[in-house]
Structures are given as structure tokens and as C-alpha cells.
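A.B. asks: I would like to see how this sequence folds:
(4 chains)
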There are 2 protein chains.
Amino acid sequence: MGSGSRSVGRDIPDSTVARLPLYLRALVDLAATGERTVSSEALAEATGLTSAKVRKDLSNVGSYGTRGIGYDAASLIHEIRRVLGLTQHWAILIAGVGNLGRALAHYKGFAERGFRVAALVDVDPDKVGLRLDELEIRPIGELETLAARDEIAIGVIATPATAAQDVADRMVAAGIRSILNFAPAVVTVESGVTVRRVDLATELQILAYYDQRNAESLEEPGSSRDASAGS
Amino acid sequence: MGSGSRSVGRDIPDSTVARLPLYLRALVDLAATGERTVSSEALAEATGLTSAKVRKDLSNVGSYGTRGIGYDAASLIHEIRRVLGLTQHWAILIAGVGNLGRALAHYKGFAERGFRVAALVDVDPDKVGLRLDELEIRPIGELETLAARDEIAIGVIATPATAAQDVADRMVAAGIRSILNFAPAVVTVESGVTVRRVDLATELQILAYYDQRNAESLEEPGSSRDASAGS
DNA sequence: CAATGTGAAGACCTTCACAGCC
DNA sequence: GGCTGTGAAGGTCTTCACATTG
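C.D. replies: Predicted coordinates:
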């Protein structure tokens, strides 16, 4: 699985890639408060990680730190953006305009980070033609046309589980190679297409496990479990 | 932070715990189609994992398989439910009734898996008093009272980033020890409280990285990246 | 001297391969 | 014969500790 591919671009470990957005956000916040340089310790504080991890991660992106001083915030922000590919804007298509699809379509955080919801599709004829903000919901059959017209790079599946595979197939057929799947279903795609799954109920179930587990041992405070979801 | 704690209950690796909900769903689906027994190969197929991983994971829960036959679906479902703590029902409270909070409140998948949205709170006085289905939105000041009254086990943060820490503090003060944070912010909590973060924009940024990376190497099909969201 | 960058050690996770059992 | 369960091997990720450097 890990690929291997000795492509030219520096090879950054998956675990590091998953944390880069976190550093980016922390850096932007810190820069907004006027900080010019940031230490690994300060970044660790802001992200809830350890300073060693921060340094290892940043050294993987080919870092811009200065010993005795820290990292230049502006350079680091620029560098992480470049590595993540955020210097370009990305158009996304959302399939399934139910509660979740609507929430995603309205979500401000996407636009703030360079992602634009450029198309919405749904199977339900009653929904087709409706507008969400300025975007008109189109029938799912137009997915391929829309993907080409709007140069969609990322497809978001926000349909019920039963429709997920069909939608994924259409996305892949339309040339989309990155899919974010919110449906509680596993979709299989051809090699070369990346799928990330976000499963809301699964997250609760994992929490339930640790909750139960901590409740069982009433002794020691034990270890506080940390954020994750990524990885 | 792997804890260590030699508590009585069998110690299940985090990576396995993160996949148990996936197995559970696959098993329930397979059982619904009439399958009485399931092989690790079939489960691997249904979940997009490898059969070796499936067997290792299931052996961690103290498995109910039979050599030469496979796993008894019903027993395994029961066992995984027990391990995850899903034999009891869990009441959850959602803080922040914006687009995302509303979508979560309506989400059918929670109820289907034993989670009940029992309370909604928001700071906005215009929203307080409104009903979502049968639930009335209450002011955030009542969080502590509601948590006690409804025996809330899990708190969901669906507020803007700026409010996240305050809400988390209130949840912890109210005795909630499991938090699912959708706000794009890191919240810090005392030891003993578990926080999981689900960050929508982060997921897109990670996809952007792999998309860009795959696009750079036009040669080899390369490796298809797999679902994750867990670690 | 303060803070980065990094080998080396250690923990954790995955994959392999096959013994063991039905 | 078929499939589980698991030691052992191989990776990946994290942590440690310190040499290095502005």
C-alpha cells in the first residue's frame, strides 16, 4: 500500500501530511496575532502535539527554521500551502443535498481555505432546480458534464449509503480522482483514485468505547485521549 | 499515550478499535442478506481491508471464529457491540445549531446505532426556543442542567471555532467525558476526557495533497489510497 | 544559549506464512 | 480442505536525546 513510487517530489509520510493542515491553521492564527517567528514549542502548544513531533514533521516539509530562533511564520505558511497544493483553488462537487449535503454546501470553512463548492447534484426530482445560495441543484445524470465544465477536482458523497457506490462510480467515470465519502458505506474505486471516509456514527462508536473503558477503571486518572480523526 | 493501565477488560489496540465499527456495519449488512457465517476474506471484501488484518483485529476482541468455517455472524455482532459498549444507549448533546448542528441533529444514522440526540443548545437568543423535530433548543447556560437531567454521555461541538473551547469547558464542567469536536479548533481538556476531532476542511486539504501528488507522477497507476479518517 | 534538525531507540501497526483445528 | 489464530518479520510512526548552529 504505501506506494513507494520514487516520484520526484519529496516523500512526506502520511502521518505528517495529516497534521499539516493543523499546523497551517495554528500558524495562520499566530501570524494574525502579530507573531513573526514561532517555536516548535509554541506550535506544539497550539496544536496539542509534542514539540518533537512538530520538529520532525516540519523537517519533512524541508523546513524553514532557524536554530536559536524558531520558524519564520510567513515562510512556513507559504511552504505548507505549497506542499499541500493550496496555492491553486479547488472546485468541489457535492452529491446528495440532504441535511448533510446542505450543511456542507453552506460551510464557510471551505471557501476560507481555498475550496469552492461549484456544483450540487441529487437524484430527487423535487430537489433538482432548487437553489442553494446561488447554486442550482442539478440531476445526478449531469454529474459528468458538470465535472468537466467546472473542472471539479474533488467529489463529496453526502448521499445515503445505498447510493454511495453508484455515485462514486459516476465520479470516477467523470475523471474525479479525489473523493470524500460521508456515506456510511465502503466504496471501492480503481487504483489511482483516493477516497477518504468520514463516518459520523463511527466516531461516536469509538468515543463510546473509550468512555466505557475509562468508566471501568475508576482508579488512576489514566491518559487523556487525543484528537485524531485524521490519520 | 497508549495508556498502559492494566485494567481488567482486555486491552484492544487503538487501530483495531477504530475499525470495529466498520466490521460491525459489514456484519449487520451481511447478516441481513441471510449469511450465517462470514469468513475473514468476505469481511475483508466488504470493508476494503485485508483478510490478515481482519483476523488480527477479531482475535483482539477474543474472537468467535471456527477454523475451516469462519465467524458466526450473530455472535460476532453481539461481541463487537459488547466491546464497543453499544449494548447501552447513549444520550448526546449538540452545542451549536447552525447548518452542521442541524444536519447532525437530523441524522438518522445516529439513532440507528444506538445514539440519541437528547439536547440542543445554542448561544443565539433567536434560536433558543425553536424546535427541531421534537427537541427544543435551549440556551447554552443550561448545558450543565441538561447534561445532568438527560444523562448526557457525549457532547458534540458544532459551533464556530471561537466558541469551541468555552463549550468544551462547559461540557467538562458538566461531567461529560467524551467530546466530538467539529469546530476547526484544537480544544484542550483535562486528563480523563476524550476528544475526537472531525475537521471537514482538513479532510479536503489532505485530499488535495494526494491529488496533486498523483497528478505529478503521470506514470505508473500508483497506489490507490484508502479510506481512513481513523488515524 | 536557545531552539532546530536528526540519528537511534522504542512503540505500535501491518503483513507474512504457517501451525493448528474443525 | 478450508479457514482461523498467531508468532515472527517488516514497516511506519513516535519519542528521546543531543550534536549543531545562528
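
A.B. asks: contacts, neighbours, all on C-alpha from now
C.D. replies: Will do.

A.B. asks: so where do the helices sit in chain A?
C.D. replies: Listed in chain order, the helices of chain A (DSSP state H) span A:14-32, A:40-47, A:51-60, A:73-84, A:99-106, A:108-112, A:143-149, A:161-173, A:200-216.

A.B. asks: when you compare where the fourth one runs with where helix B:200-216 runs, what's the angle?
C.D. replies: Between the direction of helix A:73-84 and that of helix B:200-216, the angle (axes from the mean of the first three to the mean of the last three C-alpha atoms, to 10 degrees) works out to 60 degrees.

A.B. asks: which residues touch A:Asp150?
C.D. replies: A:Ala91, A:Ala118, A:Ala119 (C-alpha atoms under 8 Å, 6 or more residues apart in numbering or on different chains).

A.B. asks: Take the helices of chain A and lay them out in TSV including mean pLDDT.
C.D. replies: Below are the helices of chain A laid out as TSV (pLDDT from 0 to 100):
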stretch	mean pLDDT
helix A:14-32	98
helix A:40-47	98
helix A:51-60	98
helix A:73-84	97
helix A:99-106	97
helix A:108-112	93
helix A:143-149	98
helix A:161-173	98
helix A:200-216	95
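
A.B. asks: Distance to B:Ala74 added to the ones you listed, as CSV?
C.D. replies: Converted to CSV, those look like this (distance: least, C-alpha to C-alpha, whole Å):
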stretch, distance to B:Ala74
helix A:14-32, 36
helix A:40-47, 42
helix A:51-60, 43
helix A:73-84, 44
helix A:99-106, 32
helix A:108-112, 42
helix A:143-149, 40
helix A:161-173, 22
helix A:200-216, 19
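
A.B. asks: Check whether A:Leu43 really touches A:Ser51, as I assumed.
C.D. replies: Yes: here A:Leu43 reaches A:Ser51: they are 7.3 Å apart, a contact under C-alpha atoms under 8 Å.

A.B. asks: which one of those two has more residues nearby?
C.D. replies: Using other C-alpha atoms under 10 Å in any protein chain shown, the more surrounded residue of A:Leu43 and A:Ser51 is A:Leu43, with 22 against 17.

A.B. asks: Let me know the distance separating that one from A:Ala105.
C.D. replies: 31 Å (C-alpha to C-alpha, to the nearest Å).

A.B. asks: same check, this time on A:Ala46
C.D. replies: 29 Å.

A.B. asks: Neighbour count: the two, which is higher?
C.D. replies: A:Ala105 (23 against 20).

A.B. asks: so what's the more buried one closest to, chain neighbours aside?
C.D. replies: Distance criterion C-alpha to C-alpha, 6 or more residues apart in numbering or on different chains; nearest residue to A:Ala105, sequence neighbours excluded, is A:Val117 at 6.4 Å.

A.B. asks: Would you mind naming what in chain A lies close to DNA strand D?
C.D. replies: By C-alpha under 7 Å from any atom of the strand, the residues of chain A that approach DNA strand D are A:2, A:4, A:13-16, A:50, A:52-53, A:56, A:66-68.

A.B. asks: Can you turn the buried part of those into a ChimeraX selection?
C.D. replies: Of these, the buried ones go into a single ChimeraX selection, burial set by 16 or more other C-alpha atoms under 10 Å in any protein chain shown:
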select /A:16
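
A.B. asks: Centre of the chain to the longest strand that chain A contains, how far?
C.D. replies: Assignment by DSSP state E gives strand A:115-122 as the longest strand of chain A. Distance, stretch centre to chain centre, for strand A:115-122: 16 Å (C-alpha atoms, centre = their mean, to the nearest Å).

A.B. asks: ok, and what's touching that strand?
C.D. replies: Contacts of strand A:115-122 (C-alpha under 8 Å, 6+ apart): A:89-97, A:105, A:110-111, A:128, A:135-140, A:142-143, A:146, A:150, A:152.

A.B. asks: Also stretch A:31-46?
C.D. replies: Contacts of stretch A:31-46 (C-alpha under 8 Å, 6+ apart): A:23, A:26-27, A:50-52, A:54-55, A:69-74, B:186.

A.B. asks: quick revisit: now, of the contacts of strand A:115-122, which are buried?
C.D. replies: A:90-97, A:105, A:110, A:128, A:136-140, A:143, A:146, A:152.

A.B. asks: Out of the residues you listed, which sit inside strands?
C.D. replies: A:Trp90, A:Ala91, A:Ile92, A:Leu93, A:Ile94, A:Ala95, A:Glu136, A:Ile137, A:Arg138, A:Pro139, A:Ile152.

A.B. asks: So the last one sits against A:Ile176, correct?
C.D. replies: Yes: in this structure, A:Ile152 is within contact of A:Ile176 by C-alpha under 8 Å, at 6.9 Å.

A.B. asks: OK, contacts around A:Ile152?
C.D. replies: A:Trp90, A:Ala91, A:Ile92, A:Leu93, A:Ala118, A:Leu146, A:Ile176.

A.B. asks: wait, isn't the second one in contact with A:Glu151?
C.D. replies: Pointing back at A:Ala91 there. Yes: when contacts are counted by C-alpha under 8 Å, A:Ala91 is listed as touching A:Glu151 (6.7 Å).

A.B. asks: could I get the contacts of A:Asp150 as JSON lines with pLDDT?
C.D. replies: What follows is those, written out as JSON lines (pLDDT from 0 to 100):
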{"residue": "A:Ala91", "pLDDT": "98"}
{"residue": "A:Ala118", "pLDDT": "98"}
{"residue": "A:Ala119", "pLDDT": "98"}
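
A.B. asks: between these, which is nearest B:Glu203?
C.D. replies: A:Ala91 (14.4 Å; C-alpha to C-alpha).
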